[in-house]
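Asks: No letters, just coordinates:
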């Protein structure tokens, strides 16, 4: 049996890093703050909210994908897990900080740190 790995879970939240209120995205699961790009290690698979870690996911780098746009690479401050998340810089409601995304594309990243 093939199960769906993505679950839409688009609720608002308050960012644990910068404290700003984050509104729902409206079309997908928003899982990071559009202002500072931080997140919480809350998902095992996108939208499932089944991770027990709950550590802060810190944005380390952004890479570009010709089909998906910017992809944010986060590292969990608690367990060290690496997670990738599609940016929402073209969203109608609270678009991701494009200046920060561009700065992150130049960031150096080493998964072994």
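Replies: In hand now; what should we look at? This is a predicted model, so every value here is computed, not measured.
Asks: going forward, measure contacts and count neighbours with C-alpha atoms only.
Replies: OK.
Asks: ok, residue 71 touching residue 59?
Replies: No. With contacts counted by CA atoms under 8 Å, residue 71 stays clear of residue 59, the gap being 10.4 Å.
Asks: So which of these two has more stuff around it?
Replies: Just comparing residue 71 and residue 59: by other CA atoms under 10 Å the higher neighbour count belongs to residue 59, 23 against 19.
Asks: tell me which element that one falls in.
Replies: Element membership for residue 59, per DSSP states H and E: strand 56-65.
Asks: Partner strands of that strand, with direction?
Replies: Partners of strand 56-65 in the sheet, by DSSP bridges, are strand 39-40 (antiparallel), strand 69-76 (antiparallel).
Asks: Contacts made by the last one with the rest, please.
Replies: Around strand 69-76, the neighbours that count as contacts under CA atoms under 8 Å, 6 or more residues apart in numbering are 38, 40-41, 55-65, 81-87, 101.
Asks: I'd like the next helix or strand past it.
Replies: That would be, after strand 69-76 and using DSSP H and E, strand 82-86.
Asks: That following strand vs strand 69-76, what angle?
Replies: 150 degrees (axes from the mean of the first three to the mean of the last three CA atoms, to 10 degrees).
Asks: Could you list the buried residues of strand 82-86?
Replies: In terms of neighbour count (16 or more other CA atoms under 10 Å), strand 82-86 has its buried residues at 82-83, 85-86.
Asks: cool, stretch 92-105 as well?
Replies: Those would be 94, 96-98, 100-101, 104-105, for stretch 92-105 by 16+ other CA under 10 Å.
Asks: ditto for stretch 41-58
Replies: Across stretch 41-58, burial judged by 16+ other CA under 10 Å covers 41-43, 46-47, 54-58.
Asks: That stretch: end-to-end distance?
Replies: This stretch, stretch 41-58, spans 10 Å end to end (CA to CA, to the nearest Å).
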